[in-house]
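Asker: Generate a structure from the sequence data that follows.
(chains A, B, C and D)
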There are 2 protein chains.
Amino acid sequence: MPEARSRDRAETEKAIVSAAKSLIAKRGFQNFGVNALAREAGCDKQLIYRYFDGLEGVVDAIGEDLTSWVRDRLRPLLALGESRSYPELMERLALGLLQAYRDDPLMKKLKAWEFAEPSPQLARITAMRAKGLAVWMHEARGAIEIPKDVDAPAINALIIAAIENIVLTAATSETAYGMSMSSESDWERVRKAIKLIIQSVYVK
Amino acid sequence: MPEARSRDRAETEKAIVSAAKSLIAKRGFQNFGVNALAREAGCDKQLIYRYFDGLEGVVDAIGEDLTSWVRDRLRPLLALGESRSYPELMERLALGLLQAYRDDPLMKKLKAWEFAEPSPQLARITAMRAKGLAVWMHEARGAIEIPKDVDAPAINALIIAAIENIVLTAATSETAYGMSMSSESDWERVRKAIKLIIQSVYVK
DNA sequence: TACAGATATCACCGCGCAGTGACATCCACA
DNA sequence: TGTGGATGTCACTGCGCGGTGATATCTGTA
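Answerer: Numbering: from 1, shown residues only, chains lettered A, B, ... in the order given. Presented below is the predicted three-dimensional model:
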């Protein structure tokens, strides 16, 4: 919420998108409406209609704004020049994703939103995120050998799905599927388990 | 929606709970309100307040009504007398859970609901479900040997988390984490991957 | 039959929401 | 200087919601 109150359309639009992100991150998509957003952005709701054609447009803008998410968060984990083995790369990706996801309330809320009421816009945001992963997996497949009898995309999908679910569940509950998830040592347990799965599946 | 329109309180209550379940299963928790519920149940909303003290009471009733879920769906998978190895049991549990979950729109919506706006009642429903699993795992641990260096609860939590997420994602999208999830053969791929993970982790 | 209590219905309130038309203000440029 | 368009504000409508008090209707029982 910078000043921005100076007849500067670009600045106002930024303020609105920024307010939307913070509002969703804080409050979730419930209570996310035109009135609440205008209040948070400190502008009149009319501007939301004028500049974004309503809430959907704002969500789209968030999506575009989030294009950098994969790049910023994931690329560093992947582009390491000294690529070791495939399982090692996958491990790095999985643990990095776990951490990035854990630290990002907005992403968690968006995911919950998508589960709750699927919409094309939300789907697009998620798809974009997934695409980053897919691209990397494809590249890595070319570069490094994988055991022939392993359906790597399916395995990886399961691993990432597990990570997302655990993070989401832990965000709203003290326990997840019987595991206490309240302290950092619990997360260490999860990390160890992820490593074990990857090692077991890929190095046999 | 049976007849039920005959001054029979018990029957009316059943109609309300039943309507609530079907409404949530169909429409999700969005648009789940007193007015909509009364409409669906074919009664006046006042009765919802009188008999259940409002929506929360209805959700509680659903929870109690769902006590049978774990028992009905999971017990058959677990209580097989000729218990083979631990991984075999776990495999049976995982695949059974996948199928049961896939066939149960209500459960999916409830899970999404919990992610979206955590509430004590929803948490209770989920906890109940988790408890069934936990109990079983505890029993199984006593009965059958597990590799010493494997944190079975953590591994199992991840596996179940993956399953739930994949099912939830596939329910609202054609793809999940890069995998197409539109045909039954895709599900077969998932099942194979689950089996592979369990085998790899537990039988080394 | 008459009545008490359980059951069901109805009418209504206040609220916050999404959306819009009309108006105010500012500024670039003629 | 003044005027048109961009930017921002305001007031209002209509709607569905959650919630509640008053009322109607049925039924067992005295």
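
Asker: Helix or strand with the lowest mean pLDDT in chain A?
Answerer: helix A:75-78 (a mean of 72; mean pLDDT, DSSP states H and E).

Asker: Packing partners of that helix?
Answerer: helix A:86-102 (3 or more Cβ pairs under 8 Å, 6 or more residues apart in numbering or on different chains; DSSP states H and E). Backbone N, C-alpha and C define where each C-beta goes, glycine included.

Asker: Alpha carbons of the helix it packs on, in CSV - could you do that?
Answerer: These are the backbone C-alpha positions of helix A:86-102, laid out as CSV (Å, rounded to 0.1, in the frame of the first residue of the first chain):
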residue,chain,number,x,y,z
TYR,A,86,18.5,-37.5,-11.7
PRO,A,87,17.5,-38.5,-8.2
GLU,A,88,19.8,-35.9,-6.8
LEU,A,89,18.2,-33.2,-9.0
MET,A,90,14.7,-34.4,-8.1
GLU,A,91,15.5,-34.3,-4.5
ARG,A,92,16.7,-30.7,-4.8
LEU,A,93,13.6,-29.8,-6.6
ALA,A,94,11.3,-31.5,-4.2
LEU,A,95,12.8,-30.0,-1.1
GLY,A,96,13.1,-26.6,-2.6
LEU,A,97,9.5,-26.7,-3.7
LEU,A,98,8.5,-27.7,-0.2
GLN,A,99,10.2,-24.8,1.3
ALA,A,100,9.1,-22.2,-1.3
TYR,A,101,5.5,-23.4,-0.9
ARG,A,102,5.7,-23.3,2.8
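
Asker: contacts for it?
Answerer: By Cβ atoms under 8 Å, 6 or more residues apart in numbering or on different chains, the residues outside helix A:86-102 that reach it are A:73-74, A:76-78, A:80, A:83, A:107-108, A:133, A:136, A:140, A:144-146, A:152, A:156, A:159-160, A:163-164, A:167, A:187, A:190-191, A:194-195, A:198-199, A:201-203.

Asker: Could you identify the buried members of the residues you listed?
Answerer: Neighbour-count burial (16 or more other Cβ atoms under 10 Å in any protein chain shown) applied to those gives A:73-74, A:77-78, A:107-108, A:133, A:136, A:140, A:146, A:152, A:156, A:159-160, A:163-164, A:167, A:187, A:190-191, A:194, A:198-199, A:201-202.

Asker: so of the contacts of helix A:86-102, which ones are in strands?
Answerer: Counting by DSSP state E, no part of the contacts of helix A:86-102 is found in strands.

Asker: Point out the ones among these that are inside helices.
Answerer: Judged by DSSP state H, those include A:76-78, A:107-108, A:133, A:136, A:140, A:152, A:156, A:159-160, A:163-164, A:167, A:187, A:190-191, A:194-195, A:198-199, A:201-203 as members of helices.

Asker: Show me the subset of those that also lies near DNA strand C.
Answerer: Among these, no residue is within reach of DNA strand C (Cβ under 7 Å from any atom of the strand).

Asker: Residue ranges in chain A under the pLDDT threshold?
Answerer: Applying pLDDT under 70 to chain A flags the ranges A:1-5, A:78-83, A:142-143.

Asker: Which positions in it make contact with DNA strand C?
Answerer: Within chain A, the positions lying close to DNA strand C (Cβ under 7 Å from any atom of the strand) are A:7, A:31, A:33, A:34, A:35, A:36, A:45, A:46, A:49, A:54, A:55.

Asker: what sits against the last one?
Answerer: Spelled out, that is residue A:55. Contacts of residue A:55 were listed using Cβ under 8 Å, 6+ apart, and they are A:32, A:33, A:34, A:37, A:48.

Asker: Just the buried residues of those.
Answerer: For those, a neighbour count by 16+ other Cβ under 10 Å gives the buried set as A:32, A:37, A:48.

Asker: tell me the secondary structure for the first one?
Answerer: I take that to be residue A:32. Under DSSP: H, G, I helix; E, B strand; the rest coil, residue A:32 falls in the coil class.

Asker: Tell me which residues touch it, please.
Answerer: Contacts of residue A:32 (Cβ under 8 Å, 6+ apart): A:20, A:23, A:24, A:55.

Asker: Okay, and the first one sits in which element?
Answerer: What it means is residue A:20. Using DSSP states H and E, residue A:20 sits in helix A:9-27.

Asker: How about residues contacting that helix?
Answerer: Residues outside helix A:9-27 that contact it (Cβ under 8 Å, 6+ apart): A:1-2, A:4, A:32, A:36-37, A:40-43, A:47-48, A:51-52, A:58-59, A:61-62, A:65, A:105-106, A:109-110, A:113.

Asker: 7 Å - rerun?
Answerer: The contact list for helix A:9-27, computed with Cβ atoms under 7 Å, 6 or more residues apart in numbering or on different chains, reads A:1-2, A:4, A:32, A:36-37, A:40-41, A:43, A:47-48, A:51, A:58, A:61-62, A:65, A:105-106, A:109.

Asker: for stretch A:65-77, same thing?
Answerer: A:17, A:92, A:93, A:96, A:100, A:125, A:128, A:129, A:132.

Asker: try 10 Å this time
Answerer: Identification of contacts with stretch A:65-77 by Cβ atoms under 10 Å, 6 or more residues apart in numbering or on different chains yields A:14, A:17-18, A:20-21, A:63, A:78, A:89, A:92-97, A:99-101, A:103-104, A:106-107, A:110, A:125, A:128-133, A:135-136.
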